[in-house]
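Peer 1: Generate a structure from the sequence data that follows.
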Amino acid sequence: MFLSKIGHLKAAIHRPLEGHVKTATVRKTAAGKWFVCFSCEVEPEPLPKSSGAVGVDVGLKDIIATSDGESVSAPKFLRKEEKELA
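Peer 2: Numbering: from 1, shown residues only. All right, here's what the predicted structure looks like:
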């Protein structure tokens, strides 16, 4: 692999790159490991046709409410831990 201003590097690429590479971001973690993130330009692939559609609403009482009637209530973390916090 060749990066401008850095030169040739050895790399363990875990999957093949698709499309045309536009940018590469190189970073080093606090543990001393190096990572490269590639941004590639690829042709869009259309999603398969689907007859179903659903709307999703995010709220306070119910964290998720869908247009087909399904809802998920908001978790009550504070109420469960209130006695221990006191």
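Peer 1: Could you report the neighbour count for the nearest residue to Lys61 once chain neighbours are set aside?
Peer 2: Distance criterion C-beta to C-beta, 6 or more residues apart in numbering; nearest residue to Lys61, sequence neighbours excluded, is Ala74 at 6.8 Å. Heads up, the C-betas are built off the backbone N, CA and C, glycines and all. Ala74 has 11 neighbours, counted by other C-beta atoms under 10 Å.
Peer 1: give the contact list for Ala74.
Peer 2: By C-beta atoms under 8 Å, 6 or more residues apart in numbering, the contact list for Ala74 reads Leu60, Lys61, Asp62, Ile63.
Peer 1: List the residues that contact the residue nearest the centre of the chain.
Peer 2: Geometric centre of the chain, nearest residue: Cys37, 13.6 Å, by C-alpha atoms, centre = their mean. Contacts for Cys37 (C-beta under 8 Å, 6+ apart) come out as Ala24, Thr25, Arg27.
Peer 1: tell me the phi and psi of it?
Peer 2: phi -110, psi 120 (degrees, to the nearest 10).
Peer 1: same thing with Ser39?
Peer 2: Dihedral angles (degrees, to the nearest 10) for Ser39: phi -110, psi 120.
Peer 1: Please list all residues in contact with it.
Peer 2: By C-beta under 8 Å, 6+ apart, the contact set of Ser39 is Val21, Lys22, Thr23, Ala24, Thr25.
Peer 1: pLDDT at it, what is it?
Peer 2: pLDDT for Ser39: 93.
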